[in-house]
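> Next one to model:
(2 chains)
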Amino acid sequence: MDNSTFTQADSKRSLWAAVLLGIGVMAAVDEIVFHQLLQWHHFFDFGTPTFGIISDGLLHAFELLAIVIGVFMLLDLSQRKRLTIPWAKAGFFLGMGGFQLFDGLINHKILRLHQIRYGVDPLLYDVVWNGAAIVLLLVGIWFYRHAKRLGHR
Amino acid sequence: MRVHDHTHAAQGALLDWLPLALIVLITFTYLTAAYTQRHKATGWSGWRSSFFTLGSLLLALAVAPPLMAWAHHDLVGHMALHLLIGMLAPLAWVLAAPITLLLRTLPQAGGRRVAALLQSRFVRFVSHPVSALILNIGGMYVLYLTPLYSASLDNQALHYWIHVHFLVAGYLFCWAILAEPDVSPHRLSLRFRLGVLFASIATHSLLGKLMYGYAWPRGTDHSLEEIQAAAQLMYYGGDFAEVLLAVVLLTLWLRKPVERREGLFKNAERGISRVRINT
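Okay, the predicted model is just below:
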């Protein structure tokens, strides 16, 4: 399909579907790599305030549904021939970086769900974690500007 | 394993096999009816029969006396069973469209009675996603955060009743979320049903964390390690079952032709969702 036939709504939907997928993928990486494989993160941190425990349930539900809904939205758009790849790329990286930064600042530091690693000074880990988030976000921003230049909006 | 140790007589052993016998009977009835329908004009999908058989196998696995005995003294076993009885088996049964099969099989008068029952206030109430959520996850909160769980270890009837409750509640929940293949008494948007599923994941994972962190259920001889292992199984096993339900829901959605597919979000495809309501 010719690019010029995509509407602004198509671009927007492609972007957001991929944002959801990016959030879900990053959350899955977090769960698989840091909780299960490395076992750095703890399932339950006794220092977590009550508010943190409750919001953890909501965040967890959001992450699980984000990956499922993201995938199906992208499939739906592609079946309708309405998927704009440049916007989806931007959304994917913005979603990954956004989630990583949220996890690093809000989950680890404000809600104190768990730290990145125990028995060590977490500062260096926090810097690397959030630095990685910023790199992903920058890649996302670069793709975003690229998509905008292509004029799908 | 308190009850079984003391009162395991031949009569008790026979009673242990009763759930299994019931499952075999129900499955036999379904498959007979499905076989009869196959030769009629409308037919009956082999997939549905397979799903029913799968559900029955999962359920039979869960209630087979050796597994029941394991579950009775090990909380991890109890959780594994709960997952089979309360989530996985009901999902497979819902996909088998047993109510549609029943309506097609029964003679007209009987069919009308069943249809009236489905439209009754009671069935409409319990088949609403929110009520089904409360019956399902609310039931879990009551079971694990009150002395009910330890009471169920001492009382065989209560023990059975709890399993039946979770089977029925799990069935109602899966049916309420999917709203197909048996026609649901409610016409609720996909967005609303995904919202209820969201609430379900959030509340069950919260319960898993609470059990892990605060050593629920209390008043049993389960060790802390056992409770924590069970809580983690509830957390991840529940995730698996609910993500599976979400995947099934959205797969059924994606299988609909594009022009009849309801928009996932409010301002998307307004016109299309209106068309769907009319058809």
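> what residues are up against A:Ile116?
A:Phe34, A:Trp40, A:His41, A:His108, A:Pro122, A:Tyr125, A:Asp126, A:Trp129 (CB atoms under 8 Å, 6 or more residues apart in numbering or on different chains). All C-beta atoms are positioned from the backbone trio N, CA, C, and that covers glycine.
> What residues does chain B have near chain A?
Contact residues (CB under 8 Å from any CB of the partner chain) of chain B with chain A: B:194, B:197-203, B:205-206, B:209-210, B:212-213, B:232, B:235, B:239, B:242-243, B:246-247, B:250-251, B:253-254, B:258, B:261, B:264, B:268.
> Buried only: go through those residues for me.
The neighbour count (16 or more other CB atoms under 10 Å in any protein chain shown) marks B:194, B:197-203, B:205-206, B:209-210, B:212-213, B:232, B:235, B:239, B:242-243, B:246, B:250, B:253, B:261, B:264, B:268 as buried among those.
> avg pLDDT for the helix or strand that contains B:Arg124?
Assessed by DSSP states H and E, B:Arg124 sits inside helix B:121-126. The average pLDDT for helix B:121-126 rounds to 95.
> what residues does chain A put near chain B?
A:9, A:13, A:43-44, A:46, A:53-54, A:56-58, A:60-62, A:64-65, A:68-69, A:72-73, A:75-76, A:79-80.
> So how do I select the buried members of those residues in ChimeraX?
Buried members of the residues of chain A next to chain B, defined by 16+ other CB under 10 Å, are picked up in ChimeraX with:
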select /A:13,43,44,53,54,56,57,58,60,61,62,64,65,68,69,72,73,75,76
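> sorry, back to before: from the contacts of A:Ile116, list just the buried residues.
The buried subset of the contacts of A:Ile116 - by 16+ other CB under 10 Å - is A:Phe34, A:Trp40, A:His41, A:His108, A:Tyr125, A:Asp126, A:Trp129.
> okay, which residue is most central for chain A?
Among the residues of chain A, the one closest to the centroid is A:Ile23, at 2.4 Å (CA atoms, centre = their mean).
> what's the helix or strand it falls within packed up against?
Using DSSP H and E, the element containing A:Ile23 is helix A:8-29. Helix A:8-29 is packed against helix A:50-79, helix A:85-102, with contacts defined by 3 or more CB pairs under 8 Å, 6 or more residues apart in numbering or on different chains; DSSP states H and E.
> do you know which of these lies nearest B:His222?
Evaluated over these, closeness to B:His222 peaks at helix A:50-79, with 21.7 Å, by CB to CB.
> what angle do the closest one and helix A:8-29 make?
130 degrees (axes from the mean of the first three to the mean of the last three CA atoms, to 10 degrees).
> residue contacts, the residue of the stretch 51-200 of chain B found nearest chain A?
Closest contact between the stretch 51-200 of chain B and chain A, by CB to the nearest CB, is at B:Phe198 (4.9 Å). The contact partners of B:Phe198, by CB under 8 Å, 6+ apart, come to A:Ala61, A:Phe62, A:Leu65.
> same thing but 7 Å
A:Ala61, A:Leu65 (CB atoms under 7 Å, 6 or more residues apart in numbering or on different chains).
> With A:Phe143 instead?
Each residue near A:Phe143 by CB under 7 Å, 6+ apart is listed here: A:Pro86, A:Lys89, A:Ala90, A:Phe93.
> which residue ranges form the helices in the stretch 51-200 of chain B?
B:65-73, B:75-83, B:89-95, B:98-105, B:108-119, B:121-126, B:129-133, B:139-145, B:148-154, B:156-178, B:190-214 (DSSP state H, counting those that start in this stretch).
> Can you add distance to A:Gly151 and give these back as TSV?
Output for the helices of the stretch 51-200 of chain B, formatted as TSV (distance: least, CB to CB, whole Å):
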stretch	distance to A:Gly151
helix B:65-73	61
helix B:75-83	50
helix B:89-95	45
helix B:98-105	50
helix B:108-119	54
helix B:121-126	51
helix B:129-133	43
helix B:139-145	52
helix B:148-154	62
helix B:156-178	41
helix B:190-214	31
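> Out of these, indicate the one that is most buried.
Neighbour counts (mean count of other CB atoms under 10 Å in any protein chain shown) averaged over each of the helices of the stretch 51-200 of chain B peak at helix B:89-95, with a mean of 25.
> follow-up on the earlier one: now the helix holding B:Arg124, how far from the centre of its chain.
17 Å (CA atoms, centre = their mean, to the nearest Å).
> by contact count, what packs against it?
Using 3 or more CB pairs under 7 Å, 6 or more residues apart in numbering or on different chains; DSSP states H and E as the contact test, no helix or strand touches helix B:121-126.
> CA atoms of that helix as CSV?
Provided in CSV are the C-alpha atoms of helix B:121-126 (Å, rounded to 0.1, in the frame of the first residue of the first chain):
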residue,chain,number,x,y,z
ARG,B,121,-32.4,-12.6,37.0
PHE,B,122,-30.2,-15.0,38.9
VAL,B,123,-28.3,-16.3,35.9
ARG,B,124,-28.0,-12.8,34.5
PHE,B,125,-26.6,-11.7,37.8
VAL,B,126,-24.0,-14.4,38.3
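> Give me the contact list for that helix.
Residues contacting helix B:121-126 (CB under 7 Å, 6+ apart): B:Leu117, B:Ser131, B:Ala132, B:Leu135, B:Leu172, B:Pro185.
> of all those, which two lie farthest apart?
Maximum pairwise distance in the contacts of helix B:121-126, criterion CB to CB, is 18.2 Å, between B:Leu117 and B:Leu135.
> Okay, A:Thr84 and chain B: tell me how far apart.
To chain B, A:Thr84 is 15 Å away according to CB to the nearest CB, to the nearest Å.
> Which pLDDT value goes with B:Val3?
Listed pLDDT for B:Val3 reads 47.
> same deal with B:Pro19?
With respect to pLDDT, B:Pro19 scores 89.
> Just give me the neighbour total for the residue nearest to it when sequence neighbours are not counted.
Spatial nearest neighbour of B:Pro19, chain neighbours left out: B:Val63 (4.1 Å); criterion: CB to CB, 6 or more residues apart in numbering or on different chains. The tally of other residues near B:Val63 (other CB atoms under 10 Å in any protein chain shown) stands at 24.
> circling back to that earlier point, what are the buried residues along the helix holding A:Ile23?
For helix A:8-29, burial by neighbour count (16+ other CB under 10 Å) applies to A:10-27.
> CA atoms only for that helix, dumped as PDB, please.
Output of helix A:8-29 as PDB, limited to C-alpha atoms (Å, rounded to 0.1, in the frame of the first residue of the first chain):
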ATOM      1  CA  GLN A   8      -2.900  10.500  11.000                       C
ATOM      2  CA  ALA A   9      -5.100   8.100  13.000                       C
ATOM      3  CA  ASP A  10      -3.300   5.100  11.500                       C
ATOM      4  CA  SER A  11       0.100   6.600  12.600                       C
ATOM      5  CA  LYS A  12      -1.200   7.300  16.000                       C
ATOM      6  CA  ARG A  13      -2.600   3.900  16.500                       C
ATOM      7  CA  SER A  14       0.500   2.200  15.200                       C
ATOM      8  CA  LEU A  15       2.600   4.200  17.600                       C
ATOM      9  CA  TRP A  16       0.500   3.400  20.700                       C
ATOM     10  CA  ALA A  17       0.100  -0.300  19.800                       C
ATOM     11  CA  ALA A  18       3.900  -0.500  19.700                       C
ATOM     12  CA  VAL A  19       4.300   1.500  22.900                       C
ATOM     13  CA  LEU A  20       2.200  -1.100  24.600                       C
ATOM     14  CA  LEU A  21       4.200  -3.900  23.100                       C
ATOM     15  CA  GLY A  22       7.500  -2.100  24.100                       C
ATOM     16  CA  ILE A  23       6.200  -1.800  27.700                       C
ATOM     17  CA  GLY A  24       5.200  -5.400  27.800                       C
ATOM     18  CA  VAL A  25       8.500  -6.700  26.300                       C
ATOM     19  CA  MET A  26      10.600  -4.700  28.700                       C
ATOM     20  CA  ALA A  27       8.500  -5.900  31.700                       C
ATOM     21  CA  ALA A  28       8.900  -9.500  30.400                       C
ATOM     22  CA  VAL A  29      12.700  -9.000  30.100                       C
END
